[in-house]
Every structure is written in structure tokens, then in C-alpha cells.
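Chemist: turn this into a model:
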Amino acid sequence: MDATSLTSSLFFVAIALIIALAIFFIVHVLLSRRNTRPSGPNILEGFQGPAKGVSSIPCGQESSHVTNILDIFADKMPTTEEGSPDLSEFKEIMSKMCCMKHDLMSASQSVQSMLYVPYNNTHDRENPADTVARCFTKSMPVRDLDITFGTWKERGLVLINRMCTSYKLLSSDSERVTKHFNALWSDVFDIAKNVCSPPEEGPAPGSPRDPKGFTPESVGELGSYNGYY
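Modeler: All right, here's what the predicted structure looks like:
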């Protein structure tokens, strides 16, 4: 190989290396920009908060009350066969409330976290994902919302009483668990009442020709009718 051919070969090799480095740099920049979450010293945290990975239960990061409850049971073992299943169901109820809060407060207004929470006929009136979906469409009557949250609370308090016996909790610990659970329930319920239920008053008639209520003068002074027919 003469000097001209060697020089030409080295030139093309150099060009190929420069192109490869440029491609590597572009790919690196594009991949690094895919991560839009701010990084902290220890963890990565999204703007709305990740649904999984922060707490030992899904969406548990949405409430400090969940952390306080789980800390009480962290170093305790059940003394009955029902203790462990009761705690698992209790965590499931707390997870549903937290995931509901996560979805209702999300800027995307879509069912994301609640979509992965399983249905349990012991304490669920309907599929949990359907409950949140009805909230976003404002088609959840106040009565249905009361029943859903009332069932969660009633079952949660029953499980607390059983777990206090199985895990041999002190009276102070039992009161703390009940207090934190009620606070979690009230927090999520208040959010749901503002988001889920339709407005109580219907829209005002938009035209003089729209049908309106009318009371004749002849019956205006009469009292209420208490008969059967």
C-alpha cells in the first residue's frame, strides 16, 4: 500500500470515528432528556408522586397516616391465624384510599393508580377503578359515595379491632392506629366529595319558554297533604 492509499484510509477512518462519536453524543442527550423527573439526593420523585416504589403499599406515599400505622405493625408478629390476612386486607383498604387520592388530585384527570388495585367483595361495592372513573364524569351520586366510603371505614375498624387482639397491641397503639385511619379516611373523603359528586342544583332555565314549576293561587295557602292518596 502506497502512502497516498494509507493517508486516504486513515482519513476515512477518522471521519467514521467522528460520525460515531457524534451519533453517540446525540443518543446520549436524547435518552437523558427522557427522564423529566427531578432527582434528589436519595430518590427520584415525580411531580405528582409515583404510584409505586416509595411506600410498602401502593400509593402509600400519599398520606403520612399510612406510614405511622405501618410503623406500629412493623416489628410485631400475629398470634392468631387470622392476623396476617387481616393486616393484608387492612393495607389493601388504605392503599385504595391513597390511590384514589392520587388519581383525583392528578393533573391528568385519568384512572391510573386505581387501575391496578384489585376488587375485594369484602369491602368493595364496585370495581375501585370504576369508582374513580365515575368521579371524573361527575356521575357519582352522594349516596353512592357515602356507601363506598362507609363500607371502607366500617370494614377497616372491624379489622383494627381484630388485629389489636392478634398482634397484642397496647391500648395506646390501638388508639393511634384508629386515629390515623380515621384521619386518612376523612382526608380522602373530603377530596372525593368535592370531585366526584354532581352539583346539587341543576342549571337555571335558559329561555322563557323552558318549562317551570307553577303553583295556582287557589292552593297557595293550603298546608301539606298527609293522606295516602
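Chemist: where's the spatially most central residue of the chain relative to Glu221, distance?
Modeler: The centre of the chain sits closest to Cys99, judged by C-alpha atoms, centre = their mean, with a distance of 1.8 Å. Between Cys99 and Glu221 the distance is 55 Å, computed by C-beta to C-beta, to the nearest Å. In short, each C-beta sits where N, CA and C put it, glycine included.
Chemist: and what of Tyr167?
Modeler: 66 Å.
Chemist: show me which of those two is the more surrounded one.
Modeler: Tyr167 (21 against 6; other C-beta atoms under 10 Å).
Chemist: mind listing what the more buried one touches?
Modeler: 73, 76-79, 83, 87 (C-beta atoms under 8 Å, 6 or more residues apart in numbering).
Chemist: contacts for stretch 184-192, please.
Modeler: Counting by C-beta under 8 Å, 6+ apart, 63, 65-66, 94, 97-98, 100-101, 104-105, 135, 145, 149, 152-153, 156 sit against stretch 184-192.
Chemist: which of these lies closest to Thr7?
Modeler: The closest of the contacts of stretch 184-192 to Thr7 turns out to be Met105 (C-beta to C-beta; 66.3 Å).
Chemist: skipping adjacent residues, who's closest to the closest one in space?
Modeler: Ile191 (6.8 Å; C-beta to C-beta, 6 or more residues apart in numbering).
Chemist: list the buried residues of the helix or strand containing that neighbour.
Modeler: Secondary structure assignment for Ile191, by DSSP states H and E: helix 171-195. For helix 171-195, the neighbour count (16 or more other C-beta atoms under 10 Å) marks 173-174, 176-178, 180-181, 184-185, 187-189, 191-192, 195 as buried.
Chemist: which one in those residues is the model shakiest on?
Modeler: Across those, the bottom pLDDT score, 88, is held by Val195.
Chemist: how about that one, what does it touch?
Modeler: Contacts of Val195 by C-beta under 8 Å, 6+ apart are 104, 135-136.
Chemist: so which of those are in helices?
Modeler: Among these, DSSP state H puts 104, 135-136 in helices.
Chemist: ok, now how distant is Pro118 from Glu92?
Modeler: Applying C-beta to C-beta, the value for Pro118 to Glu92 is 7 Å.
Chemist: quick one, which of the two is more surrounded?
Modeler: Remark: of Pro118 and Glu92, Glu92 carries more neighbours, 21 against 10, as counted by other C-beta under 10 Å.
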